[in-house]
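Asks: Make a model of this:
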Amino acid sequence: MLIAAALATTGLSACGGDGGSGDETFTAGHSEPDHLIPGNTTSSYSFDVLDELFDNLVGLTKDGATVNQAAQSVTTEDQRVWTIKIRPGQRFHNGEPVTAASFADAWNHAAYGPNAYEANDYFSQIEGYDDLNPEDEKAKPATDRMSGLEVVNDTTLRVTLTEKFNQFPQLLTYPAFAPMPKAAFADLKAYEEAPIGNGPYQVSGKWERNKQIKLVPFPGYTGPRKPRNKGIIWKSYSSADTAYTDLRAGRIDVLQTIPAAKVPEAKRLFGDRFLPRKTGTMDYLGFPLFDKRYANADLRKAISMAVDRNGINKAVYNGDYLVADSLIPQIIKGHRPGACGRLCTYDPAEAKRLFDRAGGFSGTMELYFSNAQPTYYQWMQIVANSLRQNLGIRDIQFRQIPASDYFSMLSAREEKGPYRQNWEADYPSAQNYLQNMWGSAGNKMGWETSNEIKEFDALISKGNAAASEAEAIAYYNRAEDIAIREMPQIPLWTWAGQGGRSAKVDNVTITPYATGLLAHEVTVK
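Replies: Predicted structure coming up:
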């Protein structure tokens, strides 16, 4: 999932950890979500809230294993046609029953091209998706229903994919695959202000934009994630430093990402309330290949080799991050140490040789990043200095975009230069990184028409249809090798998970997947 664990201030008076004292509620800080309709976001800020409002058919344990939530069973005989049985007796927060149609309607709506939903691509493996997304983006689709979704009855959904996909149950854990009630489609704008889900929590009041959203346990919840607290307030910030200050002062109770500059202090102050963890979140530098100035692979490789990843890690992240040596993070099966080789190794001389062979670069180089974390600007400054010193690119300008607008900008391909991109595991699979970030159907770079991308896509498809995990990983690694040779975007580093909690809460678990904080497990003292 595209993310950027951000966090920051909205000039809001403190209503966090202290505000809920004695009522078994707690407050967590994060950045403002972009959307709260499940199919219209790929942002971790939104997932913080959506994961608690909705039960998907399948969920993930804290260790990354799949477990049924709204589904009673998910079965297949050929990995292409899947039969899903819905657990009976479930209801949405408005009392409406959860049925197979609740999922089919939500997925069709998210996949319908004219709606331009952020998670549209996640449905591309379902048969009939192309009918909802004609090549001519101005053309109206002939239908608004994917042929691969068959509502057999209220408790049975049959899904036919375009090809075999052995990781379909893992895909179903992604927040975009949540159900929606019929009431949502009557007024989607109003629905987004107070989403009606089927999960362990429901919205109290409305989404107070750029301020907070308050969730309380849903009394009618019958699923496996019964809350151990009386509610959570997700408080929006636009400054990570302010969020950390509030955590330190006890005005909020959970912060999933402490600013890198504050980590040494946090380790001392919080003791066992400092929450280190492994993550699958990687930062990348993407290139707009639709701009002819970035079409030469040697130029992209030169930029990769001109970036001192170790130096940035030490200067900005206290040496806590893991410098990338692969397109896949270490916690994911399929990671190969050193897979990126010399192309991810700092080598100014070789970088300049490749740069000159590519014909150099003309015009202004614009570097894009969001305002979610101050570290983004810090390391972009170092990157800019490296490009000036090692490659001789003098005219470099920064484009800092509000976090809530950043991913929409990338989806619209409005960037005019290298941009910060990152990915957090939607589910623990090499395919999740490679196909979603590099595959022709959904990448942000515009890497779409070359023979190399066609070969890449074909290898991913073979991995998806493989009979065993080992066979699948072998195909994924071959696809990774192609992406490394082409470098449409370069891997930088894997985050170190560094959060914290107040003394008021306990049992705080933050996963490296889209689920993030397991809010239902948190206990309040």
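Asks: who's in contact with Lys140?
Replies: Contacts for Lys140 (CB atoms under 8 Å, 6 or more residues apart in numbering) come out as Pro114. All C-beta spots, glycine's among them, are computed from the backbone N, C-alpha and C.
Asks: can you offset everything so residue one is 34?
Replies: Yep, numbering from 34; the last one is Lys173 now.
Asks: just the helices in the stretch 34-183 of the chain please.
Replies: Assigned by DSSP state H, counting those that start in this stretch, the stretch 34-183 of the chain shows helices spanning 77-86, 133-144, 162-165.
Asks: ok, now the stretch 334-483 of the chain?
Replies: Under DSSP H, counting those that start in this stretch, the stretch 334-483 of the chain gives helices at 342-350, 381-390, 407-419, 436-444, 463-471.
Asks: Those helices into JSON lines, with extra columns for mean pLDDT, distance to Leu221 and mean neighbour count?
Replies: Below are the helices of the stretch 334-483 of the chain laid out as JSON lines (pLDDT from 0 to 100; distance: least, CB to CB, whole Å; neighbours: other CB atoms under 10 Å):
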{"stretch": "helix 342-350", "mean pLDDT": "96", "distance to Leu221": "40", "mean neighbour count": "18"}
{"stretch": "helix 381-390", "mean pLDDT": "98", "distance to Leu221": "48", "mean neighbour count": "17"}
{"stretch": "helix 407-419", "mean pLDDT": "95", "distance to Leu221": "32", "mean neighbour count": "18"}
{"stretch": "helix 436-444", "mean pLDDT": "89", "distance to Leu221": "17", "mean neighbour count": "20"}
{"stretch": "helix 463-471", "mean pLDDT": "93", "distance to Leu221": "25", "mean neighbour count": "25"}
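Asks: Which one of the ones you listed lies nearest to Ser77?
Replies: Across the helices of the stretch 334-483 of the chain, Ser77 has its closest neighbour in helix 436-444 (10.5 Å, CB to CB).
Asks: can you list contacts of the helix or strand bottoming out on mean pLDDT in the chain?
Replies: Within the chain, no helix or strand scores below helix 436-444, which has a mean of 89 by mean pLDDT, DSSP states H and E. For helix 436-444, contacts defined as CB under 8 Å, 6+ apart pick out 35, 37, 39, 64-67, 75-76, 78, 151, 271, 319, 401-405, 434, 448, 452, 454, 477.
Asks: Stretch 353-368 now?
Replies: Counting by CB under 8 Å, 6+ apart, 293, 296, 311-315, 342-343, 346, 369-373, 377, 458, 461-463, 466-467, 470-471, 502, 506, 509-510, 513, 516-517, 524-529, 531, 545 sit against stretch 353-368.
Asks: quick one: buried residues of that stretch?
Replies: In terms of neighbour count (16 or more other CB atoms under 10 Å), stretch 353-368 has its buried residues at 353-362, 364-365, 367-368.
Asks: chain center to it, what's the gap?
Replies: Per CA atoms, centre = their mean, to the nearest Å, the displacement of stretch 353-368 from the mean C-alpha position of its chain is 16 Å.
Asks: Please apply the same query to stretch 160-175.
Replies: Remark: stretch 160-175 is offset 25 Å from the chain centroid, using CA atoms, centre = their mean.
Asks: Dump it to CSV, keeping only the CA atoms.
Replies: In CSV, the C-alpha atoms belonging to stretch 160-175 read as follows (Å, rounded to 0.1, in the frame of the first residue of the first chain):
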residue,chain,number,x,y,z
GLU,A,160,-13.0,-11.2,-14.7
GLY,A,161,-14.9,-8.4,-16.3
TYR,A,162,-12.7,-5.6,-14.8
ASP,A,163,-11.6,-4.4,-18.2
ASP,A,164,-15.3,-3.9,-19.2
LEU,A,165,-15.5,-1.3,-16.3
ASN,A,166,-12.2,0.3,-17.4
PRO,A,167,-12.1,0.8,-21.2
GLU,A,168,-8.7,1.8,-22.7
ASP,A,169,-10.3,5.1,-23.8
GLU,A,170,-10.7,6.8,-20.4
LYS,A,171,-13.3,9.2,-21.9
ALA,A,172,-15.5,6.3,-23.0
LYS,A,173,-18.4,5.3,-20.8
PRO,A,174,-18.1,1.6,-19.7
ALA,A,175,-20.8,-0.6,-21.2
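Asks: Output the helices of the stretch 334-483 of the chain as JSON lines; include the columns distance to Pro167.
Replies: Output for those, formatted as JSON lines (distance: least, CB to CB, whole Å):
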{"stretch": "helix 342-350", "distance to Pro167": "41"}
{"stretch": "helix 381-390", "distance to Pro167": "39"}
{"stretch": "helix 407-419", "distance to Pro167": "36"}
{"stretch": "helix 436-444", "distance to Pro167": "18"}
{"stretch": "helix 463-471", "distance to Pro167": "22"}
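Asks: Can you tell me which of these is nearest to Phe201?
Replies: With CB to CB as the criterion, Phe201 lies closest to helix 463-471 of the helices of the stretch 334-483 of the chain, at 10.9 Å.
Asks: Show the subsequent helix or strand relative to that closest one.
Replies: helix 484-497 (DSSP states H and E).
Asks: Can you list the helices and strands that that following helix packs against?
Replies: In terms of contacts (3 or more CB pairs under 8 Å, 6 or more residues apart in numbering; DSSP states H and E), helix 484-497 is packed against helix 463-471, helix 502-519.
Asks: With distance to Ile266 as extra columns, can I get the buried residues of stretch 353-368 in TSV?
Replies: As requested, those are arranged in TSV below (distance: CB to CB, whole Å):
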residue	distance to Ile266
Asp353	29
Tyr354	30
Leu355	33
Val356	37
Ala357	36
Asp358	40
Ser359	38
Leu360	37
Ile361	35
Pro362	31
Ile364	30
Ile365	33
Gly367	38
His368	37
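Asks: quick one on the thing from earlier: in ChimeraX, how would I select the buried members of the contacts of stretch 353-368?
Replies: This is the ChimeraX syntax for the buried subset of those, where burial follows 16+ other CB under 10 Å:
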select :293,296,312,313,314,315,342,346,372,373,377,458,461,462,463,466,467,470,471,506,509,510,513,516,517,524,525,526,527,528,529,531,545
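Asks: Report the separation between the residue lying closest to Glu85 once chain neighbours are set aside and Asn476.
Replies: Nearest residue to Glu85 in three dimensions, chain neighbours excluded: Tyr234, at 4.2 Å (CB to CB, 6 or more residues apart in numbering). Computed as CB to CB, to the nearest Å, the Tyr234 to Asn476 distance reads 34 Å.
Asks: more neighbours, these two?
Replies: Taking neighbours as other CB atoms under 10 Å, Tyr234 and Asn476 compare with Tyr234 leading, 25 against 22.
Asks: show me the contacts for the more buried one.
Replies: Tyr234 is in contact with Glu85, Leu86, Leu248, Val249, Pro250, Phe251, Pro260, Gly264, Ile265, Ala552, His553, counting by CB under 8 Å, 6+ apart.
Asks: List buried residues within those.
Replies: Glu85, Leu86, Leu248, Val249, Pro250, Phe251, Pro260, Gly264, Ile265, Ala552, His553.
Asks: Which of the residues you listed fall in strands?
Replies: In strands, defined here by DSSP state E, the members of the buried ones among the contacts of Tyr234 are Leu248, Val249, Pro250, Gly264, Ile265.
Asks: On the strand side of things, show who the fourth one bridges to.
Replies: Counting by DSSP bridges, Gly264 is bridged to Thr58.
Asks: dump the residue contacts of it.
Replies: Contact analysis of Gly264 by CB under 8 Å, 6+ apart lists Gly53, Asp56, Glu57, Thr58, Phe59, Tyr234, Ser237, Lys247, Leu248, Val249, Pro250.
Asks: How about the first one?
Replies: Contacts here follow CB under 8 Å, 6+ apart; on that basis Leu248 touches Val82, Glu85, Leu86, Tyr234, Gln235, Val236, Ser237, Gly264, Ile265, Ile266, Trp267, Ala552.
Asks: which one of these is nearest Asp305?
Replies: The closest of the contacts of Leu248 to Asp305 turns out to be Ala552 (CB to CB; 20.2 Å).
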